[in-house]
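Student: everything below, folded, please.
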Amino acid sequence: ADLHSQFWNSPRFSRDLTWARTWSARPGYAVLKQFYSRGRAGALKLGRPEVTPAVRAVSQALDRHAAAYYREFEAGPLTLLHGDSHLGNTFSTSDGRSGLLDWQVVWHGPGLREVSYWMTTGLGPEMRRAHERELLERYLDGLRSGGVPDVPQYGTAFERYRLF
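Tutor: Next comes the predicted model:
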């Protein structure tokens with residue numbers, strides 16, 4: 001929320017931050033879409049117990065509607081995203097501060113996409129389900145504390161979080 005609030009709908013994206021491109025303007029966008037599609041297909045073939053009929057249905061729906069889904073990665077409000085905010089790219093210091101490492105895939109997109117990415121890659125399903133609402137509220141409160149004037153209502157934010 002601290003990072004996102006500093007760059008929320010920032011006019012800097014058309015000035016000194018033009019290098020922080022939107023999803024479809026990033027180098028390698030076509031390859032990345034293909035990588036994700038093939039990755040989903042490969043994961044479904046592994047026969048893992050997590051691959052329930054519901055997971056298969058969502059994966060198939062995503063493949064059918066990928067263009068519309070990826071358009072949401074450019075639907076506002078937009079901010080600066082780390083782009084790979086999983087736990088392996090975090091650090092903490094002895095005085096309790098923390099931060100993000102590995103800034104090679106920075107881009108310009110919806111903050112809730114990054115929140116969703118962090119929660120789904122960093123928390124197991126049970127822990128995520130137990131704490132996602134509280135964590136999402138903390139994120140929204142952090143945006144408000146950072147001076148963001150158009151913080152989404154919780155219901156809208158939760159739907160966006162689930163979409164991503």
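
Student: so where do the strands sit in this protein?
Tutor: Here the chain has its strands, by DSSP state E, at 79-81, 90-92, 98-100, 107-109.

Student: could you tell me the least trusted of those strands?
Tutor: Here the lowest mean pLDDT among these goes to strand 98-100, at a mean of 89.

Student: quick one: which of the strands of the chain is nearest residue 149?
Tutor: Among the strands of the chain, strand 79-81 comes nearest to residue 149, with 13.2 Å by CB to CB. All C-beta atoms are positioned from the backbone trio N, CA, C, and that covers glycine.

Student: direction included, what does that closest one pair up with?
Tutor: strand 107-109 (antiparallel) (DSSP bridges).

Student: any stretches of this protein with poor pLDDT?
Tutor: Low-confidence segments of the chain, defined by pLDDT under 70, are absent.

Student: where is the longest helix in it?
Tutor: Longest helix in the chain by number of residues (criterion: DSSP state H): helix 125-145.

Student: now that helix: buried residues?
Tutor: Buried residues in helix 125-145, counting neighbours by 16 or more other CB atoms under 10 Å, are found at 132, 136, 139-140, 142-143.

Student: which residues in the protein form helices?
Tutor: Using DSSP H, helices in the chain cover 2-7, 29-44, 53-64, 66-71, 111-122, 125-145, 154-163.

Student: run the chain-centre distance for the third one.
Tutor: In other words, helix 53-64. Here helix 53-64 shows a centroid-to-chain-centroid distance of 19 Å under the convention CA atoms, centre = their mean, to the nearest Å.

Student: counting neighbours, what do you get for the residue lying closest to residue 117 once chain neighbours are set aside?
Tutor: Take residue 117 and drop its neighbours on the chain: the residue closest to it by CB to CB, 6 or more residues apart in numbering is residue 85, 6.1 Å away. Neighbour count of residue 85, defined by other CB atoms under 10 Å: 20.

Student: residue 85 touches residue 120, doesn't it?
Tutor: No. Contact criterion CB atoms under 8 Å: residue 85 and residue 120 do not qualify, at 10.9 Å.

Student: between these two, which contacts overlap?
Tutor: When CB atoms under 8 Å, 6 or more residues apart in numbering defines a contact, no residue borders residue 85 and residue 120 alike.

Student: let me know the distance separating the residue nearest to residue 117 from residue 56.
Tutor: In this structure, residue 85 lies at 27 Å from residue 56, with CB to CB, to the nearest Å as the measure.
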